Every structure is written in C-alpha cells, then in structure tokens.
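Q: Below are the sequence and a predicted model for it; my questions follow.
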Amino acid sequence: MTSLRTIISLTAASLLLTACSEDTSSDLNKTLRTIDAWVLDGMYSTAAQVAQEDAENVPEDKRHNLMHQLFVRVDMEGIEGVTYFQQGSYDGTVESTFRAGILQFFIDEELGVIRQRELNFKDVPSFINAYQDPEKIASITPDDVIWDEGCDFHLTLDAKAGEVRGPMLDNACYLPEEQFGQVMVAEDKVVIKPGEFWFLGRYVNEDGVVVWGNESDVLNKMRHIATLADYEKQ
C-alpha cells in the first residue's frame, strides 16, 4: 500500500516539475519577445566595421566583407514563431542581392532554446522585395524554399549582457558538393542586440581551409542603418 508520505512526495515532485516547465516556457517566450523587439525593420550593414578595419589596416585575411541585410517583420500563417522577410546584398541595392528568404525564430521546448531557422528561396529573383506583396508572402509554400535543420542556430537570452546569442551545432550544417564543387561545413554563431545582428558566417572545407568568411573570430557586425521607409525611398 502506498503511504501518505510517498503520495505527498510524489505530488510535491510533480508540482516542482510543472513549475520548472512553466518557468522554462515563460523564459523562452520572453526570449522570443525580446528578439521580436530587437530585430528592427529596415536595412542593416557592416559598413562601420569595414571602415574601422580599413582605418586600422587590419590584415586582409582577417577583414570582413561589406554586406547589407534587409529585415521586414511579416506574419505567415502555418509557420510558427516570429518571422521576418530577409534579403542580403553587397551594397544595399536590388541589383547586388544574392539571397532572399524567411528568417524564422521559434521555441524548442525540448532543448530549452529558441531556434533560428533560415528558409531560403530557391528562386531569389522572383522574391526580391516580396514583403511588399502580402499576397505573395501568404502564398509561399515549402516548395518555394530550402532549409536544413542542422543549420539552425540555438539561441538563449543573456539578460545581463543585453544580448541573445547561440551557435549552430558543431559539424551539423553542410553545404553539398554538387552545389559548390566541394563539401563545406559551417562554423557559425549569432549575437542579437537592439538594432544589431552579428554572425560569424565562416565555411570551411573538409581540410579545414576557410572557403567563405575569414580567419578572424570577430563576428560580422551588422548594424541598423536605415528604416524601412528610408530604404523604400531609394
């Protein structure tokens, strides 16, 4: 027969587990809301970092490329979490756009993290500035995008440091040989602050040689440089 003491202990343990689960869920929701508040609509750029490295004569193998990234918050039925239309370019113009897609942030209760997933459009030219057409955004299907769960970032909030950050899992994100002529493995992590979006963005081949990115462990520091309204005036 189960004793009263055992029943009380089991009940207490169950309540503790429930409370811990609720606390974790609350923390993850807070982190998701924080990301939603910190990633601003408009154009981000590494221009300030590039200019600083030029002024400091940083060695070529440790310099960062000039890049621009457009983020626009969009609501997408059927895709959980917080979603942004994103568009990457070399100088902020449509003509230099090299990728476009949906940036998705969603809760992973099992791992206790926010996952950042990139759903990249297969046909980039067809989706440039697609955020301007809500019907087009609403009509996006899995057939329009490509993604790899191994390339998800696992993010947590460090309130004391004032940032959300996290890595890809080691050796989990591969770019196929048929796409780039050689197998490449991502070495990547992200740091998100108010109006700032940093990432390592380094890809190495099977011999550990850097194919994209540079030898520096300093992240690409994209900062918000223009509102969406200013971008659309161009």
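A: Ah, there it is.
Q: if I look at residue 68, how far off is residue 197?
A: 11 Å (C-beta to C-beta, to the nearest Å). (Glycine included, C-beta is placed from N, CA and C.)
Q: ugh, wrong one, residue 204
A: Distance, residue 204 to residue 197, by C-beta to C-beta: 22 Å.
Q: More neighbours: the two, which one.
A: Shown here are residue 204 and residue 197; by other C-beta atoms under 10 Å, residue 197 has more neighbours (22 against 16).
Q: residue contacts, the more buried one?
A: Counting by C-beta atoms under 8 Å, 6 or more residues apart in numbering, residue 197 makes contact with 39, 44, 69, 71, 190, 191, 222.
Q: Tabulate those residues in a markdown table, adding columns for neighbour count and secondary structure.
A: Output for those, formatted as a markdown table (neighbours: other C-beta atoms under 10 Å; DSSP: H, G, I helix; E, B strand; the rest coil):
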| residue | neighbour count | secondary structure |
| --- | --- | --- |
| 39 | 24 | coil |
| 44 | 25 | strand |
| 69 | 21 | strand |
| 71 | 21 | strand |
| 190 | 20 | strand |
| 191 | 18 | strand |
| 222 | 24 | strand |
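Q: which two from those end up farthest apart in space?
A: With distances taken as C-beta to C-beta, the most widely separated pair in the contacts of residue 197 is 71 and 191, at 15.2 Å.
Q: show me where pLDDT drops low in the protein?
A: 1-24, 177-180 (pLDDT under 70).
Q: Centre-most residue in it?
A: In the chain, the C-alpha nearest the mean C-alpha coordinate belongs to residue 116, at 4.7 Å (C-alpha atoms, centre = their mean).
Q: okay but that residue is in contact with residue 152, surely?
A: Yes. The pair residue 116 and residue 152 qualifies as a contact (C-beta atoms under 8 Å) at a distance of 6.4 Å.
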